[in-house]
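[1] Need the 3D shape of this:
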Amino acid sequence: MILSCNNISKAFGTDEIINNCSFNIENHEKAAIVGPNGAGKSTLLKIIVGELSADSGIVTFAKDTTYGYLAQHQNLSSDNTIYEELLTVKQDIIDMEKRLRQMEDDMNNLTGDALETLLNQYTRLNHDFELRNGYAYKSEINGVLKGLGFTEEDFSLCVNTLSGGQKTRVALGKLLLSNPDIILLDEPTNHLDMEAIRWLENYLLSYNGSVIIVAHDRYFLDKIVTKIIEIDRTKTTVFSGNYTAYAEKKKVLRNMQLKEYLNQQRNIKHQEAVITKLKQFNREKSIKRAESREKMLDKIELVEKPEELNDKMNITLNPKVVSGNDVLHVEELTKSFDGNTLFSNISFDIKRGERIAIIGNNGTGKTTMLKIINGIIPADHGTITLGSKVTIGYYDQEQHVLDPDKTLFEEIQDAYPDLNNTQIRNTLAAFLFTNDDVFKYIRDLSGGERGRVSLAKLMLSNANFLILDEPTNHLDMVSKEILENALNNYTGTVLYVSHDRYFINTTATRIIELTNKMTVNYIGNYDYYLEKKDILTAAALKDNQMNLTDGKTSAKSEGYITNNKNDIIDNPVKDTANLSQETASNSNTAFNTSSNYNPANASGSSKDEWKQSRELQNKLKKMKNELKKTEERISEIEDRLSAIDEESALPEVCSDTARLLELHKEHVSLSEELEKLYEKWEELSEQLG
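    Reported below is the predicted structural model:
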């Protein structure tokens, strides 16, 4: 055990935040602290590292344990460059290196015992230097900085000139390089792009120490942690497993608690009814029995009522009008800012019912593309064409669609004047704004509260084409899951930008990645994107380069659309011809009959044996024929799947979404048939072998 928290309690005034929180962290263990916004997750981290004092309870670290803590907000101030700032973490190694160089110089001037003594000191110091990775500390710093999204050009930037997000990344880099026994991270992914998050995942997975993470990134938690510490309504519960396992266990546990609560309430009401009836008899015995039952009721330990499901945000997205099949056509879209080209000659189509996620590193132009499509900013070149009966509903991560000088009630009323007071209040209540909350000013709301107001307006819009910019920002995990369900049940079309990989994995039917000023398309979710990213990005870059060499635009070559998670299949049927020959050879050996054999000359028992042998041979022959047909069909399907993959990568096909969807359906159908054929082939081969 490296850390123990025993009965930690904390209140701010009359508001109790944490009550009797207890858990242990073992050596090398990765754990997450989860809970709704305001539950006390960050507070608990601050208590552990001593930034806040607990009202009661004890935090105990193992002897000589070192820890590092990354807060959500960094007040990092330094005149150093980024690289110099990270070098400060390695100051002891730098000092050792200077001492070694000084010793090397001193050796030139010493002889005899003095030289021998110095050599012994040098050997010990050099050994310690090697153990602390002294010869590679500069490479380590470079690796961490690049992993966190800094380029070599950024290394020379002054820390004091950085944005808040950049300062957080610098602080995270310093923490990782310090290599403490236990790392405590509060929302470490907030200012990282997807590549940096994936790098951090791998770094933490291989980290030799213990890790405690507070994060809303469910995909991140699934990859790293093996323990979940939940804070809910001041109470702490520990679950083993990653976030997905926790969510499943939590659901089961809540259902059990609800059942237990309802059963107890039913029993209490029954007992109260019996007590009332006994008292009505107004006899001494019945009154005593009633009093006895009352005493029993008083001793009952009441089961706490679980959180009501209707206490959560309620989103229903229903388009008022069904759009045409062609929702959006983007043709040769180009945009630059201050001479920096974000993307060039981008073309793609969106069909009704698709849920498309636009992903890419920070600064690639994702939000800009959404704003161009929504008509907020103009493109430098290219056209945007909406399909028939398409109405857009827009969610802006910066909440520019909200008026800070209006109350919540006024914001909804002015946007939808046909709604009466009751309808407005009911809508806001569905997004957890009740009673006097509806008269709060937009400017006084938190980021999460503003997000809920924007979602409320989006729900009322009845739009059939939703354009969403980071819709899960500031939402707690429960609210994210509710939004996911709403989008998955939505019959319209969705185009969104998000860094939330769990959200993308759950909702996206297609992914468009902005990279290298072009787009690469993937039909599938985030897991599928990871599977095919390296292959398809390389193909897209090669094709784009060829187009540039030929003097053509990359408008038609950006969309390398893959068709299904099963489109590349490792063939388990290797050298089937040889296998069937071997099978035939073995079978003939087992059931050999001479060409000179005459059953008429045989005895009765021999005739029976011969008959059985013939039946076996006939059965064997049928099985061989069936095996051959199966192998031929497998070969046909594999050839067709390869042809589909090749056709899908053609530039002229990449921009034809309708054809791609046709190929995708064919691919899925053939892949399912192929799987059944493999099973059949294995069964026949086993029988013949």
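
[2] dump the residue contacts of the residue lying closest to Leu386 once chain neighbours are set aside.
    With CB to CB, 6 or more residues apart in numbering as the criterion, Leu386 has its nearest non-adjacent residue at 6.1 Å, and that residue is Leu328. Every C-beta, even on glycine, is put in place using the N, C-alpha and C of the backbone. The contact partners of Leu328, by CB atoms under 8 Å, 6 or more residues apart in numbering, come to Asp349, Ile350, Ile373, Ile384, Thr385, Leu386, Gly387, Val390, Phe465, Thr493, Leu495.

[3] Which of those fall in helices?
    Those of those mapping onto helices are Ile373, per DSSP state H.

[4] quick revisit: tell me, what's the model's pLDDT at the residue nearest to Leu386?
    Listed pLDDT for Leu328 reads 93.

[5] That one - that's part of a helix, no?
    No: under DSSP: H, G, I helix; E, B strand; the rest coil, Leu328 falls outside any helix and is assigned strand.

[6] do you know how far Gly451 is from Ala171?
    26 Å (CB to CB, to the nearest Å).

[7] Between these two, tell me which one has more neighbours.
    Comparing Gly451 with Ala171 by neighbour count (other CB atoms under 10 Å), the higher total belongs to Gly451, at 24 against 21.

[8] which residue packs closest to Asn37, ignoring adjacent ones?
    Here the residue nearest Asn37, using CB to CB, 6+ apart, is Asp476, at 4.8 Å.

[9] got a list of what that neighbour touches?
    Pro36, Asn37, His216, Gly448.

[10] ditto for Asn80
    By CB under 8 Å, 6+ apart, the neighbours of Asn80 are Thr88, Cys158, Val159.

[11] Lys532: which of those residues is nearest?
    Val159 (38.6 Å; CB to CB).

[12] Assign the spatially closest residue to that closest one that is not a sequence neighbour to helix, strand or coil.
    Nearest non-adjacent residue to Val159, counting by CB to CB, 6+ apart: Ser78, 4.1 Å away. Per three-state DSSP, the local secondary structure of Ser78 is coil.

[13] now Ser78: how far from Leu162?
    10 Å.

[14] just Ser671 next, same as before
    Distance, Ser671 to Leu162, using CB to CB: 49 Å.

[15] Quick check: phi and psi on Leu44?
    phi -60, psi -40 (degrees, to the nearest 10).

[16] hang on, it packs against Ile18?
    Yes: between Leu44 and Ile18 there is a contact at 6.2 Å, judged by CB atoms under 8 Å.

[17] Spit out the residues that contact the two alike.
    Common neighbours of Leu44 and Ile18 (criterion: CB under 8 Å, 6+ apart): Ile8, Lys10, Ile231.

[18] So which helix or strand of this protein has the lowest pLDDT on average?
    The weakest-scoring helix or strand in the chain, judged by mean pLDDT, DSSP states H and E, is helix 576-590 (a mean of 37).

[19] And the next helix or strand past that one?
    helix 604-648 (DSSP states H and E).

[20] hang on, the earlier thing: go through the shared contacts of Leu44 and Ile18 and name the one nearest Phe337.
    Ile231 (42.6 Å).

[21] Need the three-state assignment for that closest one.
    When classified by three-state DSSP, Ile231 comes out as strand.

[22] out of everything not next to it in sequence, what's closest to it?
    Nearest residue to Ile231, sequence neighbours excluded (CB to CB, 6+ apart): Gly35, at 3.9 Å.

[23] Check Leu110 too.
    In space, Leu110 is closest to Leu118, 5.9 Å off (CB to CB, 6+ apart).

[24] Show me which of Ser78 and Leu162 is the more surrounded one.
    Leu162 (19 against 15).

[25] For that one, which non-adjacent residue is closest in space?
    Distances taken as CB to CB, 6+ apart place Val170 nearest to Leu162, at 6.8 Å, with adjacent residues excluded.

[26] Can you mark which positions in the helix or strand that neighbour falls within are buried?
    Taking DSSP H and E as the criterion, Val170 maps to helix 164-178. Within helix 164-178, the residues scored as buried using 16 or more other CB atoms under 10 Å are Gln166, Lys167, Thr168, Arg169, Val170, Ala171, Leu172, Gly173, Lys174, Leu175, Leu176, Leu177.
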